[in-house]
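Enquirer: Give the three-dimensional model of this entry:
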Amino acid sequence: MPARENRRHRRRSGGLLLTPLIDIIFLLTLFFVLNTSFRQEQYLDVDLPASETSEDIQASGITLTLRSDGSTAIDGEEVSWETVTASIRDRASASGNTEVVIRGDENVPYGRAVAALDRVRLAGIESISLQTVRSGE
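Expert: Okay, the predicted model is just below:
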């Protein structure tokens, strides 16, 4: 009887135990899947102005789009001009974003862009970026 126990013990301890390795790989995979952000950008047809000094920075805030036809969108959703301040305030409080990226068409009047900056500031947001495309490279 003790000889059988010895053989069983040798068979068990003779190989590499894969179960803990598989558990660790599964946990790492689960960790990376849950912590990865699959944010889908919603781009609207806007001709952004060109800038030679623009920086390649990925902003993750609320996107305010000003189109040349006068329409306005926040994060790809059409909103009226009168509700821009309230919509930004609501989105900022719901998501915790404290940054707004303004994507203005190059044909948008200067006064409209300044008014958009004012509306964002009235919503309580101080971190504002203007999105452009790089030119002259």
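Enquirer: When you work out contacts or count neighbours from here on, use the C-alpha atoms and nothing else.
Expert: Fine.
Enquirer: Secondary structure of Ala73: a strand, I assume?
Expert: Yes: counting by DSSP: H, G, I helix; E, B strand; the rest coil, Ala73 falls inside a strand.
Enquirer: State the pLDDT value of Glu78.
Expert: For Glu78, the model assigns a pLDDT of 91.
Enquirer: All the helices of the protein, residue numbers only.
Expert: 2-14, 19-35, 84-95, 110-122 (DSSP state H).
Enquirer: Output the ones you listed as JSON lines; include the columns distance to Ser68 and mean neighbour count.
Expert: Putting the helices of the chain into JSON lines (distance: least, Cα to Cα, whole Å; neighbours: other Cα atoms under 10 Å) gives the following:
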{"stretch": "helix 2-14", "distance to Ser68": "73", "mean neighbour count": "10"}
{"stretch": "helix 19-35", "distance to Ser68": "38", "mean neighbour count": "11"}
{"stretch": "helix 84-95", "distance to Ser68": "17", "mean neighbour count": "16"}
{"stretch": "helix 110-122", "distance to Ser68": "10", "mean neighbour count": "16"}
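Enquirer: right, so of those, which gets closest to Glu52?
Expert: helix 110-122 (19.4 Å; Cα to Cα).
Enquirer: for the closest one, packing partners?
Expert: Other helices and strands packing on helix 110-122, by 3 or more Cα pairs under 8 Å, 6 or more residues apart in numbering; DSSP states H and E, are helix 84-95.
Enquirer: ok, residues contacting the helix it packs on?
Expert: 62, 74, 79, 97-98, 119-120, 122-124 (Cα atoms under 8 Å, 6 or more residues apart in numbering).
Enquirer: what about stretch 24-36, average pLDDT?
Expert: Stretch 24-36 comes out at a mean pLDDT of 90.
Enquirer: rewinding a little: could the helices of the chain go into a markdown table alongside distance to Pro49?
Expert: Below are those laid out as a markdown table (distance: least, Cα to Cα, whole Å):
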| stretch | distance to Pro49 |
| --- | --- |
| helix 2-14 | 68 |
| helix 19-35 | 34 |
| helix 84-95 | 22 |
| helix 110-122 | 12 |
